[in-house]
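> A predicted structure for the sequence below; I have some questions about it.
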Amino acid sequence: MMSGPVLLFDSGVGGLSVVSALRQHYPRLPMCYACDNAWLPYGLRDDVTLSKRIVAVCKAAVDACQASVLVVACNTASTLALEGLRQTLDIPVVGTVPAIKPAARSSLTRHIGLLATTATVNRPYTQALINSFASDCIVTKVAADALVTQAELWLSGVPLDEQGVQQALSPLWQATQHTPALDTVVLGCTHFPLLKPMLVSLSPKPLIWVDSGDAIARRVGQVAPNRMNATPDGRCFTTAPAAQLTIGLSRYGFQPPQLLTVSDTGR
Ligand code: DGL
């Protein structure tokens, strides 16, 4: 299996932000992409059913493309299911967790924002990261599930609803007026870096925006050093028809999606 591609997995198109980070570091890395669009959004689902579902979809996708490494390009899935995935799969599994540590390093005011899904904002895993790396910071947590939908629509060619985006971000903007003022934002959902130019332009003040892309790329470089100059791949798998994503996926180098068969895990 060590000759297979690197498989990136997300609930939807968010993992494409991680694809971009990997391409910047390793332009010839062979990548496949899988998303569980039938269950999107993950951030509003209950943990027990979701963790079984994530393992089932990832296993089906790893088998379908004979992946050599799985990158869980989803904070909501990683903060819940990394252990289950590592127990089930016999390939390296690289997770994506909110970049609290680099954000705490960057913040001068010691007030950082965490922009993520409802599930990620509330996970014990996330709180443990804050306790370990940002215990001297105020952390304003903002659940912004609406931005996940906006990113999905945007990739299929629908213009952003600026008012909806502003509404989702307003708790962050308010925190920039507090004392101490928020100066750094963790993009703790992989969908959000796709919208970064818009987030930056809407921000009332210049802020430091931090995501996990570079850290994931470094980790992939460690677990798959022999895959960096292999033949590109580009296969893509979805769990529900997704013709509207074909053009967006092709911009990231992926072929039209194939339907993945996943054993029923209930809802
Ligand atoms: N892209 C996913 C993340 O990083 C979540 C999107 C969803 O709610 O499905 O958390």
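Nice, thanks for sending it over.
> near the ligand, which residues of this protein are found?
With the criterion set to Cβ under 6 Å from any ligand atom, the chain comes near the ligand through 10-12, 14, 40-43, 74-76, 117, 120, 148, 189-191. The way it works is simple: take the backbone N, C-alpha and C, and place the C-beta from them, glycine included.
> surely D211 touches V185?
No - contact status for D211 versus V185: not in contact, 9.5 Å apart, counting by Cβ atoms under 8 Å.
> counting by contacts, list what the longest helix along the chain packs against.
Of all segments of type helix in the chain, defined using DSSP state H, the longest is helix 47-65. The contact analysis (3 or more Cβ pairs under 8 Å, 6 or more residues apart in numbering; DSSP states H and E) places helix 47-65 against strand 6-10, strand 31-35, strand 69-72, helix 75-88, strand 236-238.
> list the buried residues for the fourth one?
Think helix 75-88. Residues 75-82, 85 are the ones in helix 75-88 that count as buried (16 or more other Cβ atoms under 10 Å).
> now the residues you listed in JSON lines, with distance to P159 and pLDDT?
As requested, these are arranged in JSON lines below (distance: Cβ to Cβ, whole Å; pLDDT from 0 to 100):
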{"residue": "N75", "distance to P159": "26", "pLDDT": "98"}
{"residue": "T76", "distance to P159": "26", "pLDDT": "98"}
{"residue": "A77", "distance to P159": "28", "pLDDT": "98"}
{"residue": "S78", "distance to P159": "30", "pLDDT": "98"}
{"residue": "T79", "distance to P159": "31", "pLDDT": "97"}
{"residue": "L80", "distance to P159": "32", "pLDDT": "97"}
{"residue": "A81", "distance to P159": "34", "pLDDT": "97"}
{"residue": "L82", "distance to P159": "35", "pLDDT": "97"}
{"residue": "L85", "distance to P159": "36", "pLDDT": "98"}
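> turn the residues you listed into JSON lines, including distance to C236.
What follows is the buried residues of helix 75-88, written out as JSON lines (distance: Cβ to Cβ, whole Å):
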{"residue": "N75", "distance to C236": "21"}
{"residue": "T76", "distance to C236": "20"}
{"residue": "A77", "distance to C236": "18"}
{"residue": "S78", "distance to C236": "20"}
{"residue": "T79", "distance to C236": "25"}
{"residue": "L80", "distance to C236": "24"}
{"residue": "A81", "distance to C236": "21"}
{"residue": "L82", "distance to C236": "23"}
{"residue": "L85", "distance to C236": "20"}
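> does the closest residue to G164 other than its chain neighbours lie in a helix or a strand, and which?
Sequence neighbours aside, A146 is the residue nearest to G164 in space, at 5.8 Å (criterion: Cβ to Cβ, 6 or more residues apart in numbering). Following DSSP states H and E, one finds A146 within helix 145-155.
> only alpha carbons, please: show that helix as CSV.
Backbone C-alpha positions of helix 145-155 (Å, rounded to 0.1, in the frame of the first residue of the first chain) are rendered in CSV as follows:
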residue,chain,number,x,y,z
ASP,A,145,-21.7,26.5,10.8
ALA,A,146,-23.3,28.9,8.4
LEU,A,147,-19.9,29.5,6.8
VAL,A,148,-19.6,25.8,6.0
THR,A,149,-22.7,26.0,3.8
GLN,A,150,-21.4,29.3,2.3
ALA,A,151,-18.1,27.7,1.3
GLU,A,152,-20.0,24.7,-0.3
LEU,A,153,-22.2,27.0,-2.3
TRP,A,154,-19.3,29.2,-3.3
LEU,A,155,-17.3,26.3,-4.7
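> what's near enough to touch the residue positioned nearest the centre of the chain?
Of all residues in the chain, the one closest to the mean position by Cα atoms, centre = their mean is T190, 2.6 Å from it. T190 makes contact with 10, 14-15, 17-18, 73-75, 96, 211-212, according to Cβ atoms under 8 Å, 6 or more residues apart in numbering.
> can you pick out the most distant pair from these?
Greatest spatial distance in those: D10 and D211, 13.5 Å, computed using Cβ to Cβ.
> the two: who's more crowded?
D10 (29 against 26; other Cβ atoms under 10 Å).
> pretty sure C58 contacts F9?
Yes - applying Cβ under 8 Å as the test, C58 and F9 come out as touching, 5.5 Å apart.
> quick one: contacts of the helix holding A146?
When contacts are defined by Cβ under 8 Å, 6+ apart, helix 145-155 is touched by residues 11-14, 16, 40-41, 43-44, 115, 117-118, 160-161, 164-165, 167-168, 189, 191-192, 194-195, 245, 248.
> sweet, I'm off.
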